[in-house]
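Visitor: The amino acid sequence is not available; the structure is as follows:
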Ligand code: HEM
């Protein structure tokens, strides 16, 4: 195994603060949206905490964005424009998750600092970080002060439209909080990726080790 430095400090700080803020936002969000169904805290407390933590989350997003804007490591997020290559690699990765992993096959994706995500992760993280999170910030800001932003709210079709968008993305994030941690346990050991997000270093198999695993001695 080789140790490869894949998650620089700003990314790790952003990531774990982000996860903590997410948990608070989900709990307070559930309380705000499903008032009467849950009685975890008063509505007022839920709104106040939700607003403050949301601003902290947005500021924290600045750490992630700032780091990747000025680092060549942002290659990990570059889209693959060769559709045939993208489709082939995505299919191989999906086949590995759905079938190969249970047979002990090697992971088709080889990690290096500039390609730390497999094609499925890369697509998911692009959608998450460049579309859904910014959209959630935007709709959240509009709902935070509907009066002040009434022009934009009206342009988007009214409060109901903005609120529905915010809640739909919120529901997606609730599911994400279950399947993302699960997927991160699919490294060469269940805690390998999680430890990497703490230390920065991922263990990567040598080329010949991987080859030997792919062709068991008969
Ligand atoms: C307790 C909850 C969480 C755990 C255990 C967890 C775990 C991990 C781990 C181990 C990685 C690195 C390896 C990999 O991608 O498989 C990772 C990456 C990532 N996670 Fe999470 N995560 C959690 C919550 C979240 C949340 C709430 C978000 C919401 C946006 C998130 C977004 C990301 C992103 C975007 C990356 C890639 C970061 C980068 O290197 O640029 N994670 N997570």
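Guide: Structure's in. What do you need? No experiment lies behind these values; they were computed from the predicted model shown.

Visitor: give me the element the residue nearest to residue 133 when sequence neighbours are not counted is part of.
Guide: Using CB to CB, 6 or more residues apart in numbering and skipping the chain neighbours, the partner closest in space to residue 133 is residue 61 (6.5 Å). Where you see a C-beta, it was placed from the backbone N, CA and C, and this is true even at glycine. Using DSSP states H and E, residue 61 sits within helix 43-69.

Visitor: coming back round to it: might you report the residue contacts of the residue nearest to residue 133?
Guide: By CB atoms under 8 Å, 6 or more residues apart in numbering, residue 61 lies in contact with 14, 18, 133, 137.

Visitor: Distance of it relative to residue 140?
Guide: To residue 140, residue 61 is 12 Å away according to CB to CB, to the nearest Å.

Visitor: what do you get for residue 157?
Guide: For residue 157 relative to residue 140 (CB to CB), the value is 17 Å.

Visitor: Need the residues that contact whichever helix or strand residue 88 is part of.
Guide: In this assignment (DSSP H and E), residue 88 forms part of helix 83-95. Outside helix 83-95, the residues that touch it by CB under 8 Å, 6+ apart are 80, 108, 109, 118, 119, 120, 123.

Visitor: Now do the SS call for the closest residue in space to residue 200 that isn't next to it in sequence.
Guide: The shortest distance from residue 200 to any non-neighbouring residue, by CB to CB, 6+ apart, is to residue 7 (4.8 Å). Secondary structure assignment for residue 7 (DSSP: H, G, I helix; E, B strand; the rest coil): coil.
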